[in-house]
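Chemist: prediction below, plus the sequence it came from.
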Amino acid sequence: PLPIIHISNSLNKIAMKFSTCFTLAASLLVSSTSAFVVVQPSSLMVASSSSSNLAMAEVPLEPEPEGGEELTAFSSMEETRMKNMGDFDGKTSEEHDNLPVYKFWLQSVAQGELIKGYKINMVKEAKKNANFPGFRKGQIPPYAMPKMNAFAIQEGLIKTIEQAVSAYGLKSLSGSDGEVEVLENVEEMCKGYKDGTSLPFTATFNCIFDPTKTPVAAAEVVIEVEAEEEVEAEEEPAAEEPEEVETE
């Protein structure tokens, strides 16, 4: 089954939720002699790319869906594309003044440095309570590190999706309508993951257009400025032509 990541009105809350899970899971190391036990995200995706200075995981991306309208980002977000795939079964969002809900396709990259940062923080927290037989207190055994990678990768995905939603002028939904499907295989991506490796992925989710960031509003500003310039040009007096002097 494809993994479903829920994004609410505040995607930061989701990131906090997963961070809390990471801390709680890390505390299990104290009472368990087995590896970190967590619910593995079952799918995610990765593709190779030479456009970044960071290494890319060599896992093929799912094919891009046909159709859809390519969107332009309001703020710069490298190696990211977003397409509006049309309305979501004619639904509207009651929590957002019944604005129409659309389905979006996203292609982006969870940057290696972002994932690495989450892993460093997670390992730091886990070490505070780690107490494994055969290992010094505060030491994380090697067999637990793949689980740490999986948690850090999922956190990196969530943060990247959050950034994309904001960059493209969208607003997330609450409830089941706000779920995100990452389309590639996370387990394959996690296998042999090396710190600093960036992970391209694709995802689909439902959102509304943020009414405060619509392209229409930007277009109206441009039209208004152009209109003002035309009025100013009309008000400027025409230059008087010099009188001709007759000579005998």
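Modeler: Noted; the coordinates are in hand. Note that the coordinates shown come from a computational prediction; the quantities given were computed from them, not determined experimentally.
Chemist: ok, now which ones touch Asp195?
Modeler: Contacts for Asp195 (C-beta atoms under 8 Å, 6 or more residues apart in numbering) come out as Gly112, Ile115, Lys116, Lys119. No exception for glycine: its C-beta is placed from N, CA and C like everyone else's.
Chemist: let's see it at 6 Å
Modeler: Asp195 is in contact with Lys116, counting by C-beta atoms under 6 Å, 6 or more residues apart in numbering.
Chemist: confidence score at it?
Modeler: At Asp195 the predicted local distance difference test score is 91.
Chemist: secondary structure class for it?
Modeler: Look at Asp195: counting by DSSP: H, G, I helix; E, B strand; the rest coil, its state is coil.
Chemist: relative to Val123, how far out is it?
Modeler: 11 Å (C-beta to C-beta, to the nearest Å).
Chemist: what does Lys194 give?
Modeler: 15 Å.
Chemist: of the two, who's got more company?
Modeler: The residue with more neighbours, out of Lys194 and Val123, is Val123; 17 against 10, by other C-beta atoms under 10 Å.
Chemist: what helix or strand is the more buried one on?
Modeler: Assignment of secondary structure by DSSP states H and E places Val123 within helix 112-127.
Chemist: ok, then the element right after that helix?
Modeler: helix 145-167.
Chemist: and that following helix, what other elements does it pack with?
Modeler: Counting contacts by 3 or more C-beta pairs under 6 Å, 6 or more residues apart in numbering; DSSP states H and E, helix 145-167 packs against helix 11-27, strand 99-110, helix 112-127.
Chemist: which neighbouring elements make contact with whichever helix or strand comes after it?
Modeler: Elements were assigned by DSSP H and E; along the chain past helix 145-167, the next helix or strand is strand 170-172. The contact analysis (3+ C-beta pairs under 6 Å, 6+ apart) places strand 170-172 against strand 199-209.
Chemist: that older thread, give me the angle between the helix holding Val123 and strand 199-209.
Modeler: Helix 112-127 and strand 199-209 are oriented at 100 degrees to each other (axes from the mean of the first three to the mean of the last three C-alpha atoms, to 10 degrees).
Chemist: what angle do helix 145-167 and helix 112-127 make with each other?
Modeler: Using the same axes, to 10 degrees, helix 112-127 lies at 130 degrees relative to helix 145-167.
Chemist: so what does helix 112-127 touch, helix or strand wise?
Modeler: helix 11-27, helix 145-167.
Chemist: now stretch 137-156: buried residues?
Modeler: By 16 or more other C-beta atoms under 10 Å, the buried positions in stretch 137-156 come out as 140, 144-156.
Chemist: quick one: end-to-end distance for it.
Modeler: For stretch 137-156, the first-to-last residue distance is 29 Å (C-alpha to C-alpha, to the nearest Å).
Chemist: format the buried residues of stretch 137-156 as a markdown table; extra columns: distance to Leu173 and pLDDT.
Modeler: What follows is the buried residues of stretch 137-156, written out as a markdown table (distance: C-beta to C-beta, whole Å; pLDDT from 0 to 100):
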| residue | distance to Leu173 | pLDDT |
| --- | --- | --- |
| Ile140 | 38 | 88 |
| Ala144 | 36 | 87 |
| Met145 | 35 | 89 |
| Pro146 | 33 | 90 |
| Lys147 | 31 | 89 |
| Met148 | 31 | 90 |
| Asn149 | 30 | 92 |
| Ala150 | 27 | 93 |
| Phe151 | 25 | 92 |
| Ala152 | 26 | 94 |
| Ile153 | 24 | 94 |
| Gln154 | 20 | 92 |
| Glu155 | 21 | 93 |
| Gly156 | 22 | 94 |
